[in-house]
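**Student:** the following block contains a protein sequence and its predicted model.
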Amino acid sequence: MRTRSKYCLTAGFLAAVTAACGSAQIPPNVPSSECSVEGRWLNDTPHVGQSTITVVRAPDDTLKATEDGTSNFDGAVKVSGRTFRIDFKTGAGYEGWYEWTLDDACNAGNGKLMFTAGGSGQYDSAVKRAPR
């Protein structure tokens, strides 16, 4: 006789399908949601500069970012779990993306800056929430 496991996984995702696997519970090592990134962030990208990035929710429910201090970009924000990404463009012709992996508390992270136009190269980058 097979016993039902404590967790029911379907196609790699936790499924709370009572009929299929009973009461599913989220194990402690599975994130229950994405990091919330709205607010102000301090960005430090050696050899490029330091800046403050502000993330706000737009009326269409998407997240938008603006930067003050380096290239003053506007960008679109994507969040997946603890991955925080900004695809940006500037008025001066620079385009690219930042992508950081945030810590478990979603307050700081390390990642990369990659230029796709106007500049060149890939740079290490760090981000942390700005003090209130």
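**Tutor:** Here it is on my side, so go on.
**Student:** how is the residue nearest to the spatial centre of the chain assigned, secondary-structure-wise?
**Tutor:** Taking C-alpha atoms, centre = their mean as the criterion, Phe84 is the residue nearest the geometric centre of the chain, at 1.3 Å. Taken by DSSP: H, G, I helix; E, B strand; the rest coil, the conformation at Phe84 corresponds to strand.
**Student:** bridging residues for it?
**Tutor:** Here Phe84 sits in beta bridges with Val79, Trp100, going by DSSP bridges.
**Student:** can you give me every residue that contacts it?
**Tutor:** 35, 37, 77, 99-102, 109, 111, 127 (C-beta atoms under 8 Å, 6 or more residues apart in numbering). No exception for glycine: its C-beta is placed from N, CA and C like everyone else's.
**Student:** next one: Tyr94
**Tutor:** Residues in contact with Tyr94, defined by C-beta under 8 Å, 6+ apart, are 71, 73, 88, 115, 117-119.
**Student:** now render these as CSV, adding secondary structure.
**Tutor:** As requested, these are exported to CSV (three-state DSSP):
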residue, secondary structure
Ser71, coil
Phe73, coil
Phe88, strand
Phe115, strand
Ala117, strand
Gly118, coil
Gly119, coil
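**Student:** domain parsing for this structure?
**Tutor:** Per automatic domain parsing, the structural domains of the chain span 1-30, 39-129.
**Student:** compute the first-to-last residue distance for the last one.
**Tutor:** So the one you mean is domain 39-129. In domain 39-129, first residue to last residue: 8 Å (C-alpha to C-alpha, to the nearest Å).
**Student:** starting at the chain centroid, how far to that domain?
**Tutor:** Averaging C-alpha coordinates over domain 39-129 and over its chain gives two centres that are 9 Å apart (C-alpha atoms, centre = their mean, to the nearest Å).
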